[in-house]
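1. Take a look and give me a structure for this.
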Amino acid sequence: MKVLIVYQSMHHGNTRVIAEALATELYAECREIGQVKPQDLEGSDLIGFGSGIYFGKHHQSLIKLAERMQLASGQRAFIFSTAGLPLLSKRWHRALKVALANHGVPVCGEFCSARYDTYAIFGVIGGIHRGRPDQRDVDRAVAFAKEFSCR
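-> The predicted structure is shown next:
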């Protein structure tokens with residue numbers, strides 16, 4: 001199975017840590033969104049899409065890629081993110097899931113990890129989840145990669 005992980009990691013490198021852990025476990029190619037064109041997705045059986053959560057959703061460039069891509073029958077996707085409030089991941093993942101669903105791409109797994117977050121009020125108090133993602137979060141990402149239904 002050919003796997004590609006596409007991610008955007010902007011401020012603290014949180015999402016890159018999770019993307020690389022997933023890529024290692026899945027023997028996947030791992031690329032930042034700026035290195036990916038829609039046609040690059042064509043040869044992959046499974047595509048992971050991930051970023052930090054910005055204004056309540058994945059990074060806009062990731063959503064735009066999902067809206068522009070043309071996938072073949074049988075291709076599947078999973079979604080991952082890092083967030084200051086990971087317990088709201090179902091809400092955070094909604095926009096990307098809709099973009100993928102509009103192209104008939106089944107989402108067969110979702111993962112969200114806590115991240116060091118200094119946005120808005122969190123920055124005033126010095127941030128939340130300092131030191132995250134940590135080894136426990138990486139281990140959870142690896143367990144997700146081992147167990148979700150696309151494997």
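2. Quick check: closest non-adjacent residue to residue 56.
-> Spatial nearest neighbour of residue 56, excluding adjacent residues (C-beta to C-beta, 6 or more residues apart in numbering): residue 92 at 6.3 Å. Placement of C-beta: from N, CA and C, glycine included.
3. Just the element for that neighbour, please.
-> helix 89-101 (DSSP states H and E).
4. Give me the buried positions along that helix.
-> For helix 89-101, a neighbour-count test (16 or more other C-beta atoms under 10 Å) marks 89, 92-93, 95-97, 99-100 as buried.
5. Which one of those residues is nearest to residue 140?
-> residue 89 (12.5 Å; C-beta to C-beta).
6. what pLDDT does that closest one get?
-> For residue 89, the model assigns a pLDDT of 65.
7. And for residue 125?
-> 57.
8. sec struct for the residue nearest the centre of the chain, please.
-> By C-alpha atoms, centre = their mean, the chain has its centre lying nearest to residue 50, at 1.6 Å. At residue 50 the chain is in strand, as set by DSSP: H, G, I helix; E, B strand; the rest coil.
9. mind listing the helices for this protein?
-> Taking DSSP state H to define them, one finds helices in the chain at 14-26, 60-68, 89-101, 121-124, 135-147.
10. Could you single out the most deeply buried of those?
-> Comparing the helices of the chain by mean neighbour count (mean count of other C-beta atoms under 10 Å), helix 14-26 comes out on top with a mean of 22.
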